[in-house]
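K.L.:
Next come a sequence and a model predicted from it.
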Amino acid sequence: MRVLFDGYWWMNGPPSGHMVLREVVGAWRQFFPADELHLVVPAVDLSHARAESPDLVFTGTSLRFHPLINSVALRHTDRRLGPFDATLAQNFAAGTRNSGVFVHDVLFQSNPEWFTRTERIYLSLIPRFARRADIVFTSSRTEVERIKAWNPELQRVESTGLGVPTAITREHASTEADPELHPGRFLLTVGRLNVRKNVGTVIDAVVRSGRVSSDFPLVVVGSPDGRTETLSAAARTAVTDGSVRFTGAVDDARLAWLYRQCRMMLFMSLDEGYGLPPIEALASGAPVIASDRPVLHEVLGDAVTYADPRDTVAIADAVAAELDHPWRRESSQAPGNRPWADVVAAIRAGYQRENARR
C-alpha cells in the first residue's frame, strides 16, 4: 500500500497532533514494512525531516496554512507522484482518491463557548473539509457519535482508539526533574490552560480539601491556549504561597517523571474527544481522579475515581479520600489504551474496506 500523509505537524505542532502523527507513522513503518509512506511537510522542515528519517519519503511545500497545504499540496503530490492507495490528513481532509482524515474532536461545534472567535472560525473548516473525505477517523466511540450528531452528512466515521506515547512509557535515565518536588509529595494536573481544561476548578478543589501546601503542592503542567479562565482569589493565594506551581510545557522525560512520582493525578476537563493525560498517568502507575464524562468512562473504565468536574466539593472529597490511603503505584491498563499497531491496523482496514467498495 502507498500512503500519503499530511506531515504538517511532523517536526512541530500541537502536542496531540504531533504525537498522533509520529506514533502512527512509526507503528505503520514497523508493522507494515512493505507499505510505502510519503509525507508532505513544510519546506522549512524538509532537510531536517529527511536527515532524521531517511527511510521515509518526504516532499516539501512552501505553503504555511494547514488547510491550504492539505487542499492544494497533498492533492498536487497525489497527482504528481501518485497514485496513492490512501491519503491520511489531520483535521483538514485533502479530497484525494481514498481520502481519510483524522478529526480529534468537534467540541467547537457542541460547545462553542469554550473557544475564542478566532479558534471557532479556523476550526469551522474541519467539518467543511471532512465532507470531501471518503472516511473520517477519530479516537473514541463517544466522539464518533458527536461528529455524526453535528455533521449528519458524514456517512463513514470510525473510531481507531489511541495509545500511550512511547516517550512516556520509555524508561528515562533522569532522576528528579525538580529538586523541590519529592516522590509522593505532590499532586499533578496536565493539560493546556484554557476554559475547557478547567484548571481553576481543580485548584479551588485541592485548596478546599486543605491538603495542599508549599511542601505538598499541586503541580500544573501546560501552557495557556485559547480561551483562558480567571483564577479565584483563593487560587491566586495558593499560587502566591507555593501551594500551586505552574511549570508551563515540559519535555517528555520530565512529564514521565512527574507521572511516575506524583501522589495522584487529577483530570477535570469539561469534555474531551479522548483524554490522553489520565491514560498516560495510569500507565505510569499514578492514581487518577477524572471527570465524570461519557468519553472518559469509555477510555478509562473502572481504573479511576470519577467526580463532577464542576463540583469543587465532590472533587475535594475525592482528593481527601485518596490521600487517606497509602501511596500506591500500580500501572493500570485503561480500556482506551490500545497498542499503536492496533491503531494503525484499524486505520489501514478502514482504507481497505473503502477500496473494496469501489
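P.N.:
Arrived safely. What you see is a predicted model; the values in this text were computed from it and never measured.

K.L.:
wait, what's in contact with the closest residue to residue 8 other than its chain neighbours?
P.N.:
Nearest non-adjacent residue to residue 8, counting by Cβ to Cβ, 6 or more residues apart in numbering: residue 66, 5.1 Å away. Just so you know, the C-beta spots here come from the backbone N, C-alpha and C atoms, and that holds for glycine as well. Residues in contact with residue 66, defined by Cβ atoms under 8 Å, 6 or more residues apart in numbering, are 8, 91-92.

K.L.:
again with residue 343
P.N.:
If you count contacts by Cβ under 8 Å, 6+ apart, residue 343 has them with 23-24, 27, 160-163.

K.L.:
Distance of it relative to residue 163?
P.N.:
Here the distance between residue 343 and residue 163 works out to 6 Å (Cβ to Cβ, to the nearest Å).

K.L.:
Return every residue with contacts to both of those two.
P.N.:
residue 23.

K.L.:
Please verify my assumption that residue 228 contacts residue 198.
P.N.:
No: using Cβ atoms under 8 Å, residue 228 is not in contact with residue 198; the gap is 11.6 Å.

K.L.:
for stretch 110-122, what is the average pLDDT?
P.N.:
Per-region confidence: stretch 110-122 scores 96 on mean pLDDT.

K.L.:
just how off-centre is that stretch within its chain?
P.N.:
18 Å (Cα atoms, centre = their mean, to the nearest Å).

K.L.:
now stretch 221-240
P.N.:
Distance, centroid of stretch 221-240 to centroid of chain: 21 Å (Cα atoms, centre = their mean).

K.L.:
Now the terminal residues of it, how far apart.
P.N.:
17 Å (Cα to Cα, to the nearest Å).

K.L.:
neighbouring contacts of that stretch?
P.N.:
Here stretch 221-240 has contacts from 114-116, 119, 188-200, 203-204, 206-208, 212, 218, 244-250, 255, 258, using Cβ under 8 Å, 6+ apart.

K.L.:
cool, stretch 289-297 as well?
P.N.:
140, 142-143, 198, 264-275, 278, 300, 304-309, 315, 318-319, 322.

K.L.:
ok, back up a step: separation between the residue nearest to residue 8 and residue 39?
P.N.:
As defined by Cβ to Cβ, residue 66 lies at a distance of 14 Å from residue 39.

K.L.:
What of residue 331?
P.N.:
For residue 331, the distance to residue 39 equals 33 Å [Cβ to Cβ].

K.L.:
hang on, the earlier thing: neighbour count for residue 228 and residue 198, which is higher?
P.N.:
residue 198 (24 against 15; other Cβ atoms under 10 Å).

K.L.:
I figured the more buried one was touching residue 309, is that so?
P.N.:
Yes: here residue 198 reaches residue 309: they are 5.4 Å apart, a contact under Cβ under 8 Å.

K.L.:
shared neighbours, those two?
P.N.:
268-270, 291.

K.L.:
Cheers, nothing more for now.
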